[in-house]
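Participant: what follows is a protein structure lacking sequence information:
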């Protein structure tokens, strides 16, 4: 009788996981733990979300206000121009030469010729029906002119001085005092807006981080148990960090539910009261605003959790 010998087959050595697999598994674990903790600690999570939302509302309002102020100052600065009044009797060829010379000056964005008849029509449009210039004057006293648009309104004075030196130019006007005041006001608005934004953002960051710190302190026993069973510091940190991100996302969504209809309503009311005021359209502002607040909320939530955990993790 033939005996069959069975040779045992040893199991293959377990393959090591790739770094990507390890990372995905860690993220899946941390995400699951974060969602579970968010539901399990409902009261503390609600407190953190409410605080972040209430803090994001004035930040979002300040960002919207700053965007509209920036648009207004940009439009006002673009309206700054130098007007060169030409000598009477200048020929079309000489006028074209003057336009080319002015256009070649540094700081000049555009040069437009305005004939005396066109200037008279503009003046009549500005006066409206209250005054008829034809009843007041017999001949057109206005000269031909070149309207010079600038790259930077701060270049108005040097451009005006350069245009004044060109032959064929009778006079130059650019409203020196008005330009200086405008630049001072726009500079103040920009500086004040940045300072207010930094101050408001700093206060919001402190409030949010302290709120998250309180929620984590309330769960110190959970952290101590994880450390006792040998969990690594990042194993402990990751669920709390993702929970902070989740809190920031939920708070941003709630803040957006207030900011979006609020801005649309205020925009409609403002256009009824001051229709001439340039305002940023809702589609141009709100998507960027919500995304920025979302990223900020997630970053603050994660950072708050990370900083609060330093009290318990000493590595």
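Facilitator: Thanks, I have it. Not measured: the values here are computed from a predicted model.

Participant: now the phi/psi pair for residue 145, please.
Facilitator: Dihedral pair for residue 145: phi -150, psi 160, per degrees, to the nearest 10.

Participant: contact partners for it?
Facilitator: Contacts for residue 145 (C-beta atoms under 8 Å, 6 or more residues apart in numbering) come out as 83, 84, 85, 86, 113, 114, 119. Where C-beta positions appear, they are placed from N, C-alpha and C, glycine not excepted.

Participant: for the stretch 201-315 of the chain, which spans come out with low pLDDT?
Facilitator: Scanning the stretch 201-315 of the chain for pLDDT under 70 picks out 201, 204, 208, 212, 215, 311-315.

Participant: kindly recompute the last result at 50.
Facilitator: Along the stretch 201-315 of the chain, the model assigns pLDDT under 50 to residues 315.

Participant: Three-state assignment for residue 109, please.
Facilitator: Using DSSP: H, G, I helix; E, B strand; the rest coil, the structure places residue 109 in strand.

Participant: mind listing what it touches?
Facilitator: Residue 109 makes contact with 149, 150, 151 under the criterion C-beta under 8 Å, 6+ apart.

Participant: any idea which of these is closest to residue 180?
Facilitator: Here the nearest of the contacts of residue 109 to residue 180, counting by C-beta to C-beta, is residue 150; it sits at 14.3 Å.

Participant: just list whatever residues bridge to that closest one.
Facilitator: According to DSSP bridges, the partner residues bridging residue 150 are residue 108.

Participant: before we move on, the earlier item: in CSV: the contacts of residue 109, plus distance to residue 71, pLDDT and neighbour count.
Facilitator: Below are the contacts of residue 109 laid out as CSV (distance: C-beta to C-beta, whole Å; pLDDT from 0 to 100; neighbours: other C-beta atoms under 10 Å):
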residue, distance to residue 71, pLDDT, neighbour count
149, 18, 89, 15
150, 19, 89, 22
151, 19, 87, 12
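
Participant: redo these as TSV? Include distance to residue 124.
Facilitator: Shown next, in TSV, are the contacts of residue 109 (distance: C-beta to C-beta, whole Å):
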residue	distance to residue 124
149	23
150	27
151	32
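
Participant: domain assignment for this structure?
Facilitator: 25-75+183-309, 81-173 (automatic domain parsing).

Participant: where do the strands sit along the stretch 151-300 of the chain?
Facilitator: In the stretch 151-300 of the chain, the segments counted as strands under DSSP state E, counting those that start in this stretch are 169-173.

Participant: and the gap between residue 276 and residue 125?
Facilitator: Per C-beta to C-beta, to the nearest Å, residue 276 is found 16 Å from residue 125.

Participant: quick one, which of the two is more surrounded?
Facilitator: For residue 276 and residue 125, the more surrounded residue by other C-beta atoms under 10 Å is residue 125, and the numbers stand at 8 against 5.

Participant: all helices of the protein, in order?
Facilitator: Assignment of helices within the chain using DSSP state H yields the ranges 19-40, 42-78, 92-103, 116-127, 133-136, 156-164, 176-217, 220-228, 233-273, 282-309.

Participant: same for the longest one, what does it pack against?
Facilitator: Packing partners of helix 176-217 (3 or more C-beta pairs under 8 Å, 6 or more residues apart in numbering; DSSP states H and E): helix 42-78, helix 156-164, helix 233-273, helix 282-309.

Participant: can you redo these as TSV with mean neighbour count?
Facilitator: Below are the helices and strands packed on helix 176-217 laid out as TSV (neighbours: other C-beta atoms under 10 Å):
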stretch	mean neighbour count
helix 42-78	18
helix 156-164	18
helix 233-273	18
helix 282-309	18
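
Participant: thinking again about what came up before, residue 142 is nearest to which of the helices of the chain?
Facilitator: Nearest of the helices of the chain to residue 142, taken as C-beta to C-beta: helix 116-127 at 4.4 Å.

Participant: what distance separates the closest one from the centre of its chain?
Facilitator: With C-alpha atoms, centre = their mean, to the nearest Å as the basis, helix 116-127 stands 40 Å off its chain's centre.

Participant: ok so, going back, which one, of the helices and strands packed on helix 176-217, ends up nearest to residue 196?
Facilitator: Set against residue 196 and scored by C-beta to C-beta, those come closest in helix 42-78, at 6.4 Å.

Participant: got the angle for the closest one vs helix 233-273?
Facilitator: Here the directions of helix 42-78 and helix 233-273 differ by 50 degrees (axes from the mean of the first three to the mean of the last three C-alpha atoms, to 10 degrees).

Participant: what helices and strands are in contact with helix 42-78?
Facilitator: Counting contacts by 3+ C-beta pairs under 8 Å, 6+ apart, helix 42-78 is packed against helix 19-40, helix 176-217, helix 233-273, helix 282-309.
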